[in-house]
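**Student:** need coordinates for the following:
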Amino acid sequence: MERTPAHPEVTMAKALNDGLRRALERDAKTLLFGQDIGRLGGVFRVTDGLQKDFGEHRVIDAPLAESGIVGTAIGLAMRGYRPVVEMQFDGFVYPAFDQIVSQVAKIHRRSEGRVIMPITIRIPYGGGIGAVEHHSESPEAYFAHTAGLRVLTPSDPQAAYVTIQQAIASNDPVVYFEPKRRYWDKGSVDRTIDPLDLREVADPWRARILRTGSDVTIACYGPMVRTCLEAATASGDVSIEVIDLQSLSPLDFDTIAGSVERTGRLVVVHEASRTAGIGAEVAAVISERCFLSLEAPVTRVTGYDVPYPPSRLEDHYLPDLDRVLDSVDKVMAY
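**Tutor:** As a prediction, this is how the structure comes out:
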């Protein structure tokens, strides 16, 4: 007879749906706003059923106008609401870029702290679903570079359930990147915990050590976490420590540095293009902080510096198991 797990497995999409539902239940000032998120339940069905249960005044179908969506959220936040807006795809965020970097990120300081911007901007991002450009991009570095924004990205259902609620509860604006090719990955989710009680859950702005090791540290986030964990399993005699950065702004350099001081080697992995990506910042800071501990140069495994390719070529673009293991071999052989 099979034992029933204490916390049944659900997809990341379902975990996000449950997290959004709990946030709506917790605070009547929380609103969801975006294209097709209500009656349709979103392109990826992350908001499925929420409009039916909470009404059209809480889960609102917006026009096809990203700048208007974020601009409306700014006004709502000024009036005491906690808007959660969805950019339907990663590449659709650019019409709202001015609103995000010029207004959302700066109003708190511009008002000398008198006005808060508790806005969560949900963005499905990354490739791996056979879609075209503007549906498969990784624009996280633009927002991590912008002072005044926090940037989060979950890598599994439990993290998604917890961090989406933590993002919504934050008084700072949070750009929340959801790795769309992981929406259907399953994992156990403990719904009995209080995501806002840091005695029960981890600080969302700290990196997570998902697997300990002694030879090489791999720092990764979002869709690449699963790939890097698979690499650690397939690495043979090489002991790999895997860190999920989770927060891209602020970056938790203390956790990364502590790991590198033990292993002496660092590989940074992300799906976004290489130049001026998150990996470049991690490599620079760790090279400064851990220079005397490093046994090899910090290396990066990333997407390429080209526009996202047609779907039939995306397997050649996306970092995969072989590319990660090849980089591990190089730092071990240095």
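**Student:** can you give the distance of the lengthiest strand in the chain from its chain's centre?
**Tutor:** Scanning the chain for the strand with the most residues, using DSSP state E, yields strand 266-273. Relative to the mean C-alpha coordinate of its chain, strand 266-273 is positioned 14 Å out (CA atoms, centre = their mean, to the nearest Å).
**Student:** and that strand, which strands flank it?
**Tutor:** strand 216-220 (parallel), strand 299-303 (parallel) (DSSP bridges).
**Student:** so which of the ones you listed is nearest Tyr142?
**Tutor:** strand 299-303 (14.7 Å; CB to CB). In this view, the C-beta of every residue, glycine as well, is placed from N, C-alpha and C.
**Student:** got the CA positions of that closest one in PDB?
**Tutor:** C-alpha atoms of strand 299-303 as PDB (Å, rounded to 0.1, in the frame of the first residue of the first chain):
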ATOM      1  CA  THR A 299      33.100  30.800 -15.200                       C
ATOM      2  CA  ARG A 300      29.600  31.500 -16.700                       C
ATOM      3  CA  VAL A 301      27.200  29.300 -18.600                       C
ATOM      4  CA  THR A 302      24.600  31.400 -20.200                       C
ATOM      5  CA  GLY A 303      22.400  32.100 -23.200                       C
END
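**Student:** distance from the chain centre to it, please.
**Tutor:** For strand 299-303, the distance to the chain centre is 18 Å (CA atoms, centre = their mean).
**Student:** still on that earlier bit, just the buried residues of the longest strand of the chain, please?
**Tutor:** Buried residues in strand 266-273, counted by 16 or more other CB atoms under 10 Å: 266-273.
**Student:** picking up where we left off before, nearest to Phe44, of the strands paired with strand 266-273?
**Tutor:** strand 299-303 (21.4 Å).
**Student:** now do the following helix or strand past the closest one: everything it contacts.
**Tutor:** Downstream of strand 299-303, the next assigned helix or strand under DSSP states H and E is helix 314-317. By CB atoms under 8 Å, 6 or more residues apart in numbering, the surrounding residues in contact with helix 314-317 are 127-128, 130, 136, 303-304, 306, 308-309.
**Student:** chain center to helix 314-317: distance?
**Tutor:** 21 Å.
**Student:** list the buried residues of the very next helix or strand once past it.
**Tutor:** Later in the chain than helix 314-317, the nearest helix or strand by DSSP H and E is helix 321-333. Residues 324-325, 327-328, 331 are the ones in helix 321-333 that count as buried (16+ other CB under 10 Å).
**Student:** same question, stretch 48-66
**Tutor:** 50-51, 54, 58-60, 62, 66.
**Student:** among these, which are in helices?
**Tutor:** Those of the buried residues of stretch 48-66 mapping onto helices are 50-51, 54, 66, per DSSP state H.
**Student:** hmm, which two among those are most spread apart?
**Tutor:** Farthest pair in those, by CB to CB: Phe54 and Glu66, 22.9 Å.
**Student:** mind giving me the domain ranges of this structure?
**Tutor:** What automatic domain parsing lists as the domains of the chain is 9-188, 208-333.
**Student:** now for Val115: which residues touch it?
**Tutor:** Taking CB under 8 Å, 6+ apart as the test, what Val115 contacts is 78, 107-108.
**Student:** can you give me the strands for this protein?
**Tutor:** 9-11, 30-34, 59-61, 82-86, 120-125, 150-152, 174-179, 186-188, 208-211, 216-220, 240-244, 247-249, 266-273, 299-303.
**Student:** contacting residues around the fifth one?
**Tutor:** Contacts to strand 120-125, defined as CB under 8 Å, 6+ apart, come from residues 34, 43-44, 46, 70, 73, 82-90, 93, 100, 104, 137-140, 153, 164, 167-168, 170, 173-180, 183, 222.
**Student:** ok, now the last one?
**Tutor:** Among residues not part of strand 299-303, those counted as contacts by CB under 8 Å, 6+ apart are 138, 266-274, 277, 279-280, 283, 317-319, 323-324, 327, 330-331.
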